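A.B. asks: What shape does this take:
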Amino acid sequence: VSGAFEVIHDNLAPRTTLSLGALRYGQEPVYVSSNSLLSLDSMDDLIVSLDAQGTGVAFQELLVDGVFKRRFDNVAPQTGQNFVSTFTLVGEPDGLRSLGYLAQDTAGNREVVKLATVAVDNTAPLTLLMADGPNGFNAQNHLVVSWRTLLALTAQDTLTGGVASGLKETFYRLQNDIDF
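C.D. replies: Residues are numbered from 1 along each chain as shown. Modelled structure (predicted):
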């Protein structure tokens with residue numbers, strides 16, 4: 001069999017970006033919870049950076065604190081296709097976490113590991129109620145106060161794993177039906 005053919009040399013590794021979802025707070029570090037949705041977005045270049053003409057992204061890898069956590073396989077890689085994977089950090093304890101991520105194309109070009117640091121904060125703040133003046137507890141163990149009782153709420157975000165994102169707001173409820 002004879003005929004014309006073309007040899008394609010995919011010389012560049014894919015490029016991947018990490019996106020932190022809406023459930024995040026702050027900068028340097030960015031605070032997330034283990035339920036925050038994170039994503040990796042990879043594109044493969046062929047000869048020139050940003051040409052998006054590579055042979056396609058074969059897979060992405062995620063490392064947490066230098067330990068391999070997950071591989072995302074692209075079941076149908078194509079030229080010019082963005083490959084996006086989403087994940088959470090469920091199971092990761094509170095603290096600063098180093099996220100390593102990379103992609104490899106179908107030609108075997110492997111991206112250099114990129115790093116990002118996030119602060120995982122899964123610990124809810126603690127709010128204390130103090131009553132100064134006439135008060136007591138009823139049979140249902142509910143606090144009963146008079147109009148002369150001074151009430152105070154004190155809230156604290158406990159440092160856990162070396163991180164605490166801080167307090168945003170505190171809520172309380174009177175008579176089981178009105179939020180303040």
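A.B. asks: For residue 101, give me its contacts.
C.D. replies: Taking Cβ atoms under 8 Å, 6 or more residues apart in numbering as the contact definition, residue 101 lies against 16, 18, 40, 60, 61, 62, 63, 113, 114, 116. For glycine as for every other residue, the C-beta is placed from the backbone atoms N, C-alpha and C.
A.B. asks: can you tell me the helix or strand for it?
C.D. replies: Following DSSP states H and E, one finds residue 101 within strand 95-105.
A.B. asks: quick one: buried residues of that strand?
C.D. replies: By neighbour count with 16 or more other Cβ atoms under 10 Å, strand 95-105 contains the buried residues 97, 99, 100, 101, 102, 103, 104, 105.
A.B. asks: cool, stretch 71-82 as well?
C.D. replies: 72, 74, 77, 81.
A.B. asks: Dump these to JSON lines, plus secondary structure, distance to residue 126 and pLDDT.
C.D. replies: Shown next, in JSON lines, are the buried residues of stretch 71-82 (DSSP: H, G, I helix; E, B strand; the rest coil; distance: Cβ to Cβ, whole Å; pLDDT from 0 to 100):
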{"residue": "72", "secondary structure": "strand", "distance to residue 126": "37", "pLDDT": "98"}
{"residue": "74", "secondary structure": "coil", "distance to residue 126": "44", "pLDDT": "97"}
{"residue": "77", "secondary structure": "coil", "distance to residue 126": "49", "pLDDT": "95"}
{"residue": "81", "secondary structure": "coil", "distance to residue 126": "47", "pLDDT": "93"}
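A.B. asks: Show me which of those is closest to residue 145.
C.D. replies: Using Cβ to Cβ, residue 72 comes nearest to residue 145 of the buried residues of stretch 71-82, at 54.9 Å.
A.B. asks: quick one: contacts for the closest one?
C.D. replies: Residue 72 touches 40, 59, 60, 61, 62, 83, 85, 87, counting by Cβ under 8 Å, 6+ apart.
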